[in-house]
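Undergrad: Okay, here's the prediction I keep looking at, along with the sequence it came from:
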Amino acid sequence: MTAHTTSTSDVVPVLPVHRFDEKALQRYLAQHLEAFTPPLTPPLTPPLTPPLTPPLTPPLTVEQFQGGMSNPTFRLQDGEGRSFVMRKKPPGELLPSAHAVEREYRVISALAGSGVPVPKTYFLCEDESVIGTAFYVMEHVVGRVFLDQALPGLEPGARAEIYSSMNTTLAALHSVDYGAVGLTGFGRESQYCARQVKRWTKQYIASQTDALPDMDKLMAWLPENLPEEDPTTIVHGDYRLGNMIFHPTEPRVVAVLDWELSTLGHPLADLAYNCFAYHVTNATRGDLVTADLDALGIPNEEAYVAAYCKATGRKDIPNWTFYLVLSLFRLAAITQGVYHRGLKGNASDPAALERKDTCRQLAKVAWGLVRRG
C-alpha cells in the first residue's frame, strides 16, 4: 500500500486498555458463528504412536485495527485463517447514548441488499458477561481505506472517480426507503436539526474541560437559526472518506463503516458533514482548504454539492451555511468527548489526548462561517 492509504489488514496487538477474555470470546464464537472454526481439543491421553492427522487447529487470534476514537474494532482470525471483524463498546463509564454498537448492528443489517455497500453482519451479543461489553461480529471486507482526503499518489482521474463514488453512495443512502428496510422507529421523523443541537450541546457540556467562548456562541446561535425544511432519511452521521472501504484496485466504495451515529434525520446535515474537509485542515486527513483542487482532480465544494443535488433530484440548498455550522459543531462536541475519554483513560486510541485543542479550532471555524454568512 502507498503512504496515502491503509489496508483493512493494518492491525496492531490489542491495546492494554481494551484487552478482554479472548477465551470467553472464542467459546462464544464457536457456539454462535457457524463460519467460525474453533481449535480442536487435544486428547486426554497422548496416543501411543505419532498421529497421522494434521496438527491441532490453532486458537483464535485477536488484533486491533489502528485508529478510531470511539468503538474499538478488532480483527478475529479462526483456526483456518478466516477473518472476521468485531466492534465493541469501550470499557469504563460512558456518556449516555454514546457507543451504541446495537444501533450500528441494526442499521448495517437492515441495509444489506439495499444498494448501499455494507459488510455482512453475523450476530450481536448484548450479554456483557461474555467480554465485559456489548459487541457484534461482521464480515471482514478487504480493500483500501484512504486517510488523506487529498489522495496523494493517485492520478487526477482516479481522485475524481473516488469522490464521485463517495457522493453517489451517500445519495443512495438518502434514497433508501427506511420503512421498507425495517428501520421505522430507528429515529424520530422530524426536527432532526433541533434535536442534534440539543444532543450535542448536552454532550459537550457533559465532557467540557475548558472555557471555549466560540462554543458558547454556537450553542446560542444554532437554536435561533433552524431551517424550515425538514425531510427525513437514513443518515450516517459520520460520513467521510476515512469511514469507507474502496475496492483494492477500482475507485468504488465496497463498504461504508462506523455507523455508530446513524439515525433517521436530515440528509443535508449528512452532506454538510461530508463537506467539512473543504473548511478544516487536518494533519491526518489532509488539506483541501488550500489545495489546488482542479489540478488534483478533486471537485470543489460547489461542484460536489451540485453532483449530490443532481443524484437526488434536488434543485438547490437554502441555508447551506447552517448545515455546515451544525456539522462542525457536532464534530467539535464529538472531539471534546474523545479528549475527555482520553483524560479518563478509556479512549479507543492513545492519540485521543492529542485532541485537546481540536474542539476549540473547529468552533472557531464554525463561528467564522456564521460571521461571514
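TA: Looks like it arrived, so ask away.

Undergrad: from here on, contacts and neighbour counts on C-alpha atoms
TA: Noted.

Undergrad: Grab the nearest non-local neighbour of the residue most central in space within the chain.
TA: Residue closest to the average C-alpha location in the chain (Cα atoms, centre = their mean): Asp258, at 2.6 Å. Excluding the flanking residues, the one nearest Asp258 by Cα to Cα, 6 or more residues apart in numbering is Asn243, at 6.3 Å.

Undergrad: now Leu29
TA: Per Cα to Cα, 6+ apart, closest to Leu29 is Phe36, 6.6 Å.

Undergrad: Contacts made by the host helix or strand of Leu268 with the rest, please.
TA: Secondary structure from DSSP states H and E places Leu268 in helix 267-274. Residues from elsewhere that reach helix 267-274 (Cα atoms under 8 Å, 6 or more residues apart in numbering): 170, 174, 193, 231-240, 305, 320, 323-324, 326-328.

Undergrad: which residues of this structure fall in strands?
TA: Taking DSSP state E as the test, the strands found in the chain are 5-7, 11-12, 61-65, 73-77, 83-88, 121-125, 135-139, 144-146, 233-235, 244-246, 253-256, 263-265.

Undergrad: And the contacts of stretch 110-121?
TA: 105, 108-109, 136-141, 169, 172-173, 176, 181-183, 253-257.

Undergrad: try it again with 10 Å
TA: The contact list for stretch 110-121 (Cα atoms under 10 Å, 6 or more residues apart in numbering) reads 84-86, 104-109, 136-141, 168-178, 180-183, 244-245, 253-257.

Undergrad: Mind giving me the ChimeraX select for these, buried ones only?
TA: This is how ChimeraX selects the buried members of those, with burial counted by 16 or more other Cα atoms under 10 Å:
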select :84,85,86,104,105,106,107,108,109,136,137,138,140,141,168,169,170,171,172,173,174,175,176,178,183,244,245,253,254,255,256,257
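
Undergrad: got the contact list for the residue nearest to Leu29?
TA: Per Cα under 10 Å, 6+ apart, neighbours of Phe36: 26, 29-30, 60, 76-84.

Undergrad: what does Tyr136 give?
TA: By Cα under 10 Å, 6+ apart, Tyr136 lies in contact with 73, 85-89, 101-102, 104-105, 121-126.

Undergrad: Any of the residues you listed buried? List them.
TA: Neighbour counting with 16+ other Cα under 10 Å marks 73, 85-89, 101-102, 104-105, 121-125 as buried within those.

Undergrad: quick one on the thing from earlier: narrow the contacts of helix 267-274 to those in helices?
TA: 170, 174, 193, 305, 320, 323-324, 326-328 (DSSP state H).

Undergrad: Compare those residues and tell me which has the most neighbours.
TA: Using other Cα atoms under 10 Å as the neighbour test, those are led by Ser327, with 28 neighbours.

Undergrad: Around the residue lying closest to it once chain neighbours are set aside, how many other residues sit close by?
TA: Nearest residue to Ser327, sequence neighbours excluded (Cα to Cα, 6+ apart): Tyr273, at 5.0 Å. Residues lying near Tyr273 (other Cα under 10 Å) number 23.

Undergrad: Can you tell me how far Phe123 is from Leu15?
TA: Between Phe123 and Leu15 the distance is 24 Å, computed by Cα to Cα, to the nearest Å.
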